[in-house]
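Novice: I would like the atomic coordinates for the input below:
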Amino acid sequence: MQLEWLKTGIGPLKDLLTFLNKESKTSDILKKQVIRELRNNLNIFHNAYLNNVSQDIMIDMLQNDAIKEAIKENFKFKKLKPGSIEPYHIYDDRNKKYTGWEAERLIDKIDEKIEELKNIKKMNGNSVEKVKNNISLMLSNLYYRMKLLADFILSDAK
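Specialist: Purely as a prediction, here's the structure:
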């Protein structure tokens, strides 16, 4: 399994998942669905790492339906967290390029990557095993974007 990159990011994930679970208890249905989806997707990475799950199965399990529904309903993603990502929100150096981004822009990139992974899989006989794309890197980028979004939402500072 090519999830070695996840080893360093798995530690603080439990706290983020606990926080997202609490945060998803809101009366705003779309906000609740997007946060639950983020939590569930992060859980997929966590459990895939622990159980040595294939990339094909991970891609099948990743969801972006709540994001699509929120977009369709013109949900304002700043309800997840207003403001923009500042250097103090970033715990992984690879995410420094997202400084200044708002939740909506980051969500858009997360949605785009999930769609891309699913499409690559479909185009290649429903498996990413022999594709020319660097699926491990793509999954890694997706994970760290989702983790950044969760860290941003968790942050008390605007």
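Novice: need the residues that contact stretch 110-127.
Specialist: 41, 56, 59-60, 62-64, 67-68, 71, 128, 130-131, 133, 135, 138-139, 141-142, 145-146, 149 (C-beta atoms under 8 Å, 6 or more residues apart in numbering). All C-beta atoms are positioned from the backbone trio N, CA, C, and that covers glycine.
Novice: try stretch 57-72
Specialist: By C-beta under 8 Å, 6+ apart, stretch 57-72 touches 30, 33-34, 36-37, 40-41, 44-45, 48, 77, 107, 110-111, 114-115, 117-118, 121, 128, 139, 142.
Novice: buried sites along it?
Specialist: Residues of stretch 57-72 classed as buried by neighbour count (16 or more other C-beta atoms under 10 Å): Met58, Ile59, Leu62, Asn64, Ala66, Ile67, Ala70, Ile71.
Novice: next: stretch 40-55.
Specialist: For stretch 40-55, burial by neighbour count (16+ other C-beta under 10 Å) applies to Asn40, Asn41, Leu42, Ile44, Phe45, His46, Ala48, Tyr49, Val53, Gln55.
Novice: tabulate these (TSV), appending distance to Asp92, secondary structure and pLDDT.
Specialist: Below are the buried residues of stretch 40-55 laid out as TSV (distance: C-beta to C-beta, whole Å; DSSP: H, G, I helix; E, B strand; the rest coil; pLDDT from 0 to 100):
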residue	distance to Asp92	secondary structure	pLDDT
Asn40	21	helix	94
Asn41	17	helix	96
Leu42	14	helix	94
Ile44	19	helix	95
Phe45	14	helix	93
His46	16	helix	89
Ala48	19	helix	92
Tyr49	16	helix	87
Val53	22	coil	94
Gln55	21	helix	96
